[in-house]
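Asker: Pasting the sequence and the predicted model now:
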Amino acid sequence: MQIGILESDQFSPEALDELDRLGEIKLYDKRDLATFLMGMDALFIRLGYQIDESFLSMAPKLRFLCSPTTGHNHIDEASLSARSIKLLTLKGEREFLETIRATPEHTFGLILSLLRNYKQVFKDTSDGKWERENHKGEELWKNNIGIIGLGRVGYRVANYCSNFGSNVYWHDIVDVPSKAKWQRMDGIRPLIEKCRVIVLCASYDFSKPPIIGKSEIDALRGKYFINTSRGELVDELYLLQAIKEGQLAGVAVDVIENENTNNRLEEWTSLANNGNIIVTPHIGGATIDSMTKTELFIAQKLARIVAEGVELEVN
């Protein structure tokens, strides 16, 4: 069995040990992708490639695609199904995911960064300016924080904010009575109108339109908006225009629309040069701790499936 690691930088040593017992491991050297993929039975990816039909056509022997992520918007699942390729991800692994805290922590850090406009503070001090009076921020204490999507990430973010004394409000299309210690709002627009800080933590469904559309972005005027979920959940063009017009108090995004294909990264980076705008390159889950654990988990998942003989069903 040939196992390819497409993005091998700092790949979990423990995961490599696990995979070494399954077969021959090959690390992609970023040269001839087609040659590398040709003989692969299993392939480990992260978020750096769009896995579509043109990609899969270079991997005729592929039986397992392994992505230690919860989101799938970088993967064409219909093409996988047509080729009988089994997809292994973290989606639905609730018990294990309770131990993964990187994205909630990053999200919380972005909230603090916007409220205190740390980006401008760091820039001014690096330029030799010591101007305390020009950097009066806002506090989490008693501030209204709105969480859209009270799943794994949203719940942790809500808990962090609550522990810092924030008034937490939330909206989710799924009823989660066990987490009702914070006030639920009946819709996204009422949530935005109620809160000073809006945090998008919802799951992405490619078959549905953006949940943050023109009406919701108009309601964000003068407020802070953070998205560490998926760029496709937002009407990005309209949001970019609102930012250009200075309508929001601050925006932080860890995700943009179409990250691996034609996108608006240049517009985002240009806007991030000025004002209280923060853009990070989808690093929410990118900590050594979390990536080591998730890569090992998926490697062990692959090992169990192979041991059960599932590979014969998709060959």
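Answerer: That came in fine, so what should we check first? Numbering: from 1, shown residues only.

Asker: which stretches of the stretch 51-200 of the chain have low pLDDT?
Answerer: Low-confidence segments of the stretch 51-200 of the chain, defined by pLDDT under 70: 177-180.

Asker: Walking through the stretch 1-150 of the chain, point out its strands one by one.
Answerer: For the stretch 1-150 of the chain, the strands defined by DSSP state E, counting those that start in this stretch occupy 2-5, 24-27, 42-44, 64-66, 86-88, 144-148.

Asker: gap between the last one and the chain center?
Answerer: When C-alpha coordinates are averaged (Cα atoms, centre = their mean, to the nearest Å), strand 144-148 and its chain have centres 18 Å apart.

Asker: go on, the first one?
Answerer: Distance of strand 2-5 from its chain centroid, counting by Cα atoms, centre = their mean, is 25 Å.

Asker: mind listing what it pairs with, with the direction of each?
Answerer: Counting by DSSP bridges, the strands paired with strand 2-5 are strand 24-27 (parallel), strand 42-44 (parallel).

Asker: and among those strands, the most buried is which?
Answerer: strand 42-44 (a mean of 27; mean count of other Cβ atoms under 10 Å). Where C-beta positions appear, they are placed from N, C-alpha and C, glycine not excepted.

Asker: Contacts for it next, please.
Answerer: Contact with strand 42-44 is made by 1-7, 11, 19, 22-23, 37, 59, 62-68, 295, 298-299, 302, as judged by Cβ atoms under 8 Å, 6 or more residues apart in numbering.

Asker: what do you get if the cut-off is 7 Å, keeping everything else the same?
Answerer: Residues from elsewhere that reach strand 42-44 (Cβ atoms under 7 Å, 6 or more residues apart in numbering): 1, 3, 4, 5, 6, 59, 62, 63, 64, 65, 66, 302.

Asker: and the residues you listed, which are buried?
Answerer: Buried subset of those (neighbour count, 16 or more other Cβ atoms under 10 Å): 3, 4, 5, 6, 59, 62, 63, 64, 65, 66, 302.

Asker: wait, residue 90 sits on residue 294?
Answerer: Yes: Residue 90 lies in contact with residue 294 (Cβ atoms under 7 Å); the separation is 6.2 Å.

Asker: Now list whatever residues contact both of these two.
Answerer: With Cβ under 7 Å, 6+ apart as the test, residue 90 and residue 294 both reach residue 68.

Asker: These two: which is more packed in?
Answerer: Set residue 90 next to residue 294 and count neighbours by other Cβ atoms under 10 Å: residue 294 wins out with 26 against 19.

Asker: quick revisit: for residue 306, find the nearest of the strands paired with strand 2-5.
Answerer: For the strands paired with strand 2-5, distance to residue 306 was read as Cβ to Cβ. The smallest value, 8.4 Å, belongs to strand 42-44.

Asker: avg pLDDT for the longest helix along the chain?
Answerer: Selection of the longest helix in the chain by residue count, based on DSSP state H, yields helix 288-307. When pLDDT is averaged along helix 288-307, the result is 96.

Asker: what's it packed up against?
Answerer: helix 13-20, strand 64-66, strand 86-88 (3 or more Cβ pairs under 7 Å, 6 or more residues apart in numbering; DSSP states H and E).

Asker: so who does residue 299 touch?
Answerer: Residue 299 neighbours (Cβ under 7 Å, 6+ apart): 15, 18, 19.

Asker: Which one of the residues you listed is nearest to residue 246?
Answerer: Of the contacts of residue 299, the one sitting nearest to residue 246 (Cβ to Cβ) turns out to be residue 15, at 45.8 Å.

Asker: give me every residue that touches the closest one.
Answerer: 295, 296, 299.

Asker: Count the neighbours of the first one for me.
Answerer: By other Cβ under 10 Å, the residues close to residue 295 number 24.
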